[in-house]
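Q: I need the structure of the sequence given here:
(chains A, B and C)
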Amino acid sequence: MAASAASILHADLDAFYASVEQLLDPSLRGRPVAVGGGVVLAASYEAKAFGVSAGMAGWRARSLCPDLVFASGHFSEYQRLGDEFTEVMKDFTPDVERISIDEAFMDVTGSVHLFGSPEVIAESLRRRVRTELGLPVSVGVARTKHLAKVASQVAKPDGLVVVEPDRESQFLSPLPVGLIWGVGPATKARLAAQGVHTIGQLAAIEKKSLQAVVGKAAGAKLSDLASNLDPRRVQSGRRAVSVGAQSAMGRRPATVDAAAVTVDYLADRIATRLRKAGRAGRTISVRIRFLELRSVSRALTLRHAVATTKAISETALELIGVALAENPTEREITLVGLSVSRLVDEPPIQLVLPFAPSPGRLRAATAAEDLRRALDDSMDDLRRRFGRSAVGYAAVALGDVSRVPDEFRALAEHDPEG
DNA sequence: TCTGGGGTCCTAGGACCC
DNA sequence: TCTGGGGTCCTAGGACCC
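A: Residues are numbered from 1 along each chain as shown, chains lettered A, B, ... in the order given. The predicted structure follows:
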């Protein structure tokens, strides 16, 4: 059940990475700025005015905006300011749900007697983020998460929009369907084919006929959102469902050997994060991208959850072998991705149980995993004390297989309590 | 000269069990 | 004597989000 008053806030830092660059280097203020190089990771509003947007190839952005300044990413500053942003919100309520580094929901139902109305809280939040962090932030205030999110998008840049409960339909009706969370290019095209362009038009359609167009679950969700039925609550401390990593590799021959160094690197990153979070996973998935963006995936669910680098990399390499054998006409690969899911919590200390009542092979396997775990734990410890590059598996330490800095990768991690 | 990296959720079909 | 239905788990692929 959603609260009956408009007490959910969605706060979204404006053009976050680009704004940080403008904060750090005053000469960039007022100028079109892009963060990234080969790909635009973020564009300042001055750059957006030229049509530059996140995800765009760098050469294309430059051609749209010849005066575009490319700023090298200050990744650790993004992390720090993103964390501080969350801390400011937590000064108003513990009920904060972080969506990404620059975006979060908060439910201030229990805070109004301390800090004033939701609108007043939103104004205080914006003021504090501006003065203490030096960053512009847009905030939407509404009765549901969906409405608050749409409101913050409408408020951009650097604005505040409050949707009162009696104005919800009026507010949503003229807006394009693309503003709805979950409507991307594919859904938008299907809706457009039905002559549906605004949320008002969407709300007028029967749920059943909508489901026929976009599928059962998506249709039901879309229908509810368009009609202001959104039962989702703000959830602080959500746990990750999967942990993964991927790496674009240029063009490599489609062989297990060519992928092995990258797989070791990715497995090391994933396993380290799992152990740090005290978690382990049963399902190992791999994704391979071939030329022309065709990609395939393979997955295997193990009997026991694992969190060691070796267990993940070995399984991943076997799966890659299968995937390559089943796609013999593909001669080159351009990306390898790994992911571990079906996560479980792990006790902080793993006990080796020599008399565990398991059949021979299984016992041998778990004993081997225990040994690997002991090795990984001591490696984690060395890295904590002497730095990440101090020690590692040979292949991982040798090859500089990643073209993206680890600090950047970390920005996108969704582990709220990681 | 083709777009990086880390995530969530849904669907369809098969295996297997009752 | 070959056919019903439901549930769970798993895999592969796709859409979407930041």
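Q: can we go C-alpha only for contacts and neighbour counts from here?
A: OK.
Q: helix or strand right after the longest strand along chain A?
A: Ordering each strand of chain A by length in residues (DSSP state E) puts strand A:332-345 first. Using DSSP states H and E, the helix or strand that follows strand A:332-345 in sequence is helix A:360-386.
Q: and that next one, what does it pack onto?
A: helix A:309-325 (3 or more CA pairs under 8 Å, 6 or more residues apart in numbering; DSSP states H and E).
Q: Residues in contact with the helix it packs on: which ones?
A: A:254-256, A:260, A:263-264, A:267-268, A:270-272, A:284-286, A:288, A:296-300, A:306, A:330, A:338, A:369, A:372, A:376 (CA atoms under 8 Å, 6 or more residues apart in numbering).
Q: just the buried members of those?
A: A:254, A:256, A:260, A:263-264, A:267-268, A:270-272, A:284-286, A:288, A:298-299, A:306, A:338, A:369, A:372, A:376 (16 or more other CA atoms under 10 Å).
Q: Look up the closest residue to A:Phe171, ignoring the ones flanking it.
A: With CA to CA, 6 or more residues apart in numbering as the criterion, A:Phe171 has its nearest non-adjacent residue at 7.3 Å, and that residue is A:Val163.
Q: quick revisit: sitting in strands, which of the contacts of helix A:309-325 do you find?
A: Among those, the members found in strands (DSSP E) are A:Ile284, A:Ser285, A:Val286, A:Ile288, A:Val296, A:Ser297, A:Arg298, A:Ala299, A:Leu300, A:Val306, A:Leu338.
Q: Looking at those, which one is closest to DNA strand B?
A: Nearest to DNA strand B out of the ones in strands among the contacts of helix A:309-325 is A:Leu338 (CA to the nearest atom of the strand; 7.9 Å).
Q: Can you name the residues that contact that closest one?
A: Counting by CA under 8 Å, 6+ apart, the residues that A:Leu338 touches are A:Gly244, A:Ala245, A:Gln246, A:Val263, A:Leu266, A:Ala267, A:Ile284, A:Ser285, A:Val286, A:Arg287, A:Ala316.
Q: Tell me the one of those nearest A:Lys90?
A: A:Gly244 (28.2 Å; CA to CA).
Q: List phi and psi for the residue nearest to A:Phe171.
A: phi -110, psi 110 (degrees, to the nearest 10).
Q: Surely it touches A:Thr144?
A: No - the criterion here is CA atoms under 8 Å, and A:Val163 misses it with A:Thr144 at 9.8 Å.
Q: Tell me where the stretch 1-150 of chain A has helices.
A: Ranges of helices within the stretch 1-150 of chain A are A:16-24, A:45-48, A:58-64, A:75-90, A:112-115, A:118-128, A:145-155, based on DSSP state H, counting those that start in this stretch.
Q: returning to what we had before: list the neighbouring strands of the longest strand of chain A plus their orientation.
A: strand A:242-253 (antiparallel), strand A:279-290 (antiparallel) (DSSP bridges).
Q: Give me the subset of the contacts of A:Leu338 that also touch DNA strand B.
A: A:Gly244, A:Ala245, A:Gln246 (CA under 7 Å from any atom of the strand).
Q: got a list of what the last one touches?
A: Yep, that's A:Gln246 we're talking about. Per CA under 8 Å, 6+ apart, neighbours of A:Gln246: A:Leu266, A:Leu335, A:Val336, A:Gly337, A:Leu338.
Q: How about stretch A:266-280 and DNA strand C, any contact?
A: No - using CA under 7 Å from any atom of the strand, stretch A:266-280 never reaches DNA strand C; the gap is at least 14.4 Å.
Q: same question for that stretch, mean pLDDT?
A: Stretch A:266-280 carries an average pLDDT of 95.
Q: Over to stretch A:154-171?
A: Stretch A:154-171 comes out with an average pLDDT of 96.
Q: same thing with stretch A:33-47?
A: Averaged across stretch A:33-47, the pLDDT comes to 90.
Q: Likewise for stretch A:65-77?
A: The model assigns stretch A:65-77 a mean pLDDT of 91.
Q: just to revisit the earlier point, run a quick neighbour tally on the residue nearest to A:Phe171.
A: Counted with other CA atoms under 10 Å, residues neighbouring A:Val163 total 22.
Q: Which pLDDT value does the model give A:Leu398?
A: For A:Leu398, pLDDT reads 43.
Q: scratch that, A:Gly360
A: So, for A:Gly360, pLDDT stands at 63.
Q: for A:Phe290, same thing?
A: 94.
Q: same question, A:Arg303
A: pLDDT recorded at A:Arg303 is 91.
Q: That one: what secondary structure?
A: Here A:Arg303 is recorded as strand under DSSP: H, G, I helix; E, B strand; the rest coil.
Q: and the stretch 151-300 of chain A, which residues reach DNA strand C?
A: Going by CA under 7 Å from any atom of the strand, the residues of the stretch 151-300 of chain A near DNA strand C are A:178-188, A:283, A:295-300.
Q: How is chain A divided into domains?
A: Here the domain parsing of chain A from automatic domain parsing is A:1-164, A:173-226, A:242-412.
Q: Return the distance of the shortest one from the chain's centre.
A: Right, domain A:173-226. 24 Å (CA atoms, centre = their mean, to the nearest Å).
Q: again with the longest one
A: Relative to the chain's own centre, domain A:242-412 is displaced by 19 Å; criterion: CA atoms, centre = their mean.
Q: Neighbours of A:Thr131, how many?
A: A:Thr131 is flanked by 11 other residues according to other CA under 10 Å.
Q: any idea how far it is from A:Phe16?
A: 16 Å (CA to CA, to the nearest Å).
Q: Tell me, how many residues neighbour the residue in the stretch 301-418 of chain A that DNA strand B sits nearest to?
A: Closest residue of the stretch 301-418 of chain A to DNA strand B, CA to the nearest atom of the strand: A:Glu413 (3.6 Å). Around A:Glu413 there are 16 other residues, counting by other CA under 10 Å.
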